[in-house]
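Enquirer: Build me a model from this:
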Amino acid sequence: MAPNKGVIRETDADAVRLAKTLLRSARFGALAVLEPESGRPLASRVAVATDLDGTPLILVSALAAHTGALLADPRCSLLLGEPGKGDPLAHPRMTLACNAVRLDVGTDSHARARRRYLNRQPKAKLYADFGDFSFFRLEPEGASLNGGFGKAYELEPADLLATGAVTDDLAPREQNALDHMNEDHADAVAIYATRLAGAPDGTWRLTGIDADGIDVADGDDVRRVFFPEPLGSAGEMREALIALVRTGRAAAT
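Expert: Numbering: from 1, shown residues only. Coordinates of the predicted model:
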């Protein structure tokens, strides 16, 4: 059944920001596929990360039922959003309608996905290179966002993804920047988390830099920080990171 258009709000900047926050900060999601034999829906939990453009990434075993289903029919959906205290339906969540694409080992897209996924899900290093595991990009074709009671939106891929030349140019530079910040500027990373994302003190690490912002994590706690304006080029990354530190320090005074 199609959604009741009377309850769908016009997509605005706040809805896009919430959708991108849910997407970029997710650690896991509910993946729904179609069973090849019966055609019935099958839902399971998967750990997730995002590619540079924001496309969800999963790493799955050939032994899992959902892997065979994706290979037989790439249509799937992914539900993101973590419930908190009280009514679980009062918390934001988003369902993405996706087309699953398996990434071939040895390609640039596989190497990038592996790197970004393991930055987000470091425990997966134990099995990421097993022969029966595969990385998939879950390429969004649309999304339904529920931001809470009376806050329903329908989003397009352009609302969710950061595409263009800047994203391609960031790919070869991102990991060096992450390593440099985590090894030499842990104080700055802590400012991103505590002053800009409202997180408690902890052992925070920068896990991703994209055209829209940065991701920081301390164990299972993942936070998203947006740049004031999206990067216009990869060369703007350094100054944007410095500017976030300045903003965070100013907020502390």
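Enquirer: contacts, neighbours, all on C-alpha from now
Expert: OK.
Enquirer: Can you pull out the low-pLDDT segments for the stretch 151-253 of the chain?
Expert: Applying pLDDT under 70 to the stretch 151-253 of the chain picks out residues 252-253.
Enquirer: can you give me the helices for it?
Expert: Taking DSSP state H, counting those that start in this stretch, the helices of the stretch 151-253 of the chain run over residues 157-160, 165-184, 186-191, 237-251.
Enquirer: winner for burial among those?
Expert: helix 186-191 (a mean of 20; mean count of other C-alpha atoms under 10 Å).
Enquirer: Can I get that one in CSV, CA atoms only?
Expert: C-alpha atoms of helix 186-191 as CSV (Å, rounded to 0.1, in the frame of the first residue of the first chain):
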residue,chain,number,x,y,z
ALA,A,186,43.5,13.1,19.7
ASP,A,187,42.7,16.4,21.5
ALA,A,188,41.0,17.7,18.4
VAL,A,189,39.0,14.5,17.9
ALA,A,190,37.8,14.7,21.6
ILE,A,191,36.6,18.3,20.9
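Enquirer: Please name every helix or strand in contact with that helix.
Expert: Applying 3 or more C-alpha pairs under 8 Å, 6 or more residues apart in numbering; DSSP states H and E, one finds that helix 186-191 contacts helix 165-184, strand 205-209, helix 237-251.
Enquirer: Quick one: closest of these to residue 17.
Expert: Nearest to residue 17, of all the helices and strands packed on helix 186-191, is strand 205-209, at 16.2 Å by C-alpha to C-alpha.
Enquirer: According to the record, where do the domains of this protein fall?
Expert: Annotated domains of the chain cover 9-161, 166-251 [automatic domain parsing].
Enquirer: What segments of the chain are strands?
Expert: Taking DSSP state E as the test, the strands found in the chain are 28-34, 41-50, 56-61, 75-80, 93-102, 133-146, 152-155, 205-209, 213-218, 221-226.
Enquirer: Pull the residues that contact the fifth one.
Expert: If I follow you right, that is strand 93-102. Contacts with strand 93-102, where a contact means C-alpha atoms under 8 Å, 6 or more residues apart in numbering, come from 19, 22, 70, 74-82, 134-147.
Enquirer: cool, and stretch 103-114?
Expert: Contacts of stretch 103-114 (C-alpha under 8 Å, 6+ apart): 50-51, 57, 128, 134-137, 171.
Enquirer: And stretch 186-204, by the same measure?
Expert: Residues outside stretch 186-204 that contact it (C-alpha under 8 Å, 6+ apart): 181-182, 205-206, 216-218, 223-225, 244-245, 247-249, 251-252.
Enquirer: Which among the helices and strands packed on helix 186-191 is found nearest to residue 120?
Expert: Closest of these to residue 120 is strand 205-209, at 6.1 Å (criterion: C-alpha to C-alpha).
Enquirer: chain center to that closest one, what's the gap?
Expert: Mean C-alpha position of strand 205-209 versus that of the full chain (C-alpha atoms, centre = their mean, to the nearest Å) differs by 12 Å.
Enquirer: angle of it against strand 213-218?
Expert: If you take axes from the mean of the first three to the mean of the last three C-alpha atoms, to 10 degrees, strand 205-209 sits at 150 degrees to strand 213-218.
Enquirer: and residue 56, how many neighbours does it have?
Expert: Using other C-alpha atoms under 10 Å, residue 56 is surrounded by 26 other residues.
Enquirer: can you pull the contacts of it?
Expert: Applying C-alpha under 8 Å, 6+ apart, we find residue 56 in contact with 23, 48-50, 137-139.
Enquirer: redo that, cut-off 6 Å
Expert: 49-50, 137-138 (C-alpha atoms under 6 Å, 6 or more residues apart in numbering).
Enquirer: okay, how far is it across stretch 32-51, tip to tip?
Expert: Criterion C-alpha to C-alpha, to the nearest Å; first-to-last residue distance in stretch 32-51 is 20 Å.
Enquirer: Quick check: residue 74 vs residue 59, distance?
Expert: Residue 74 is 15 Å from residue 59, by C-alpha to C-alpha.
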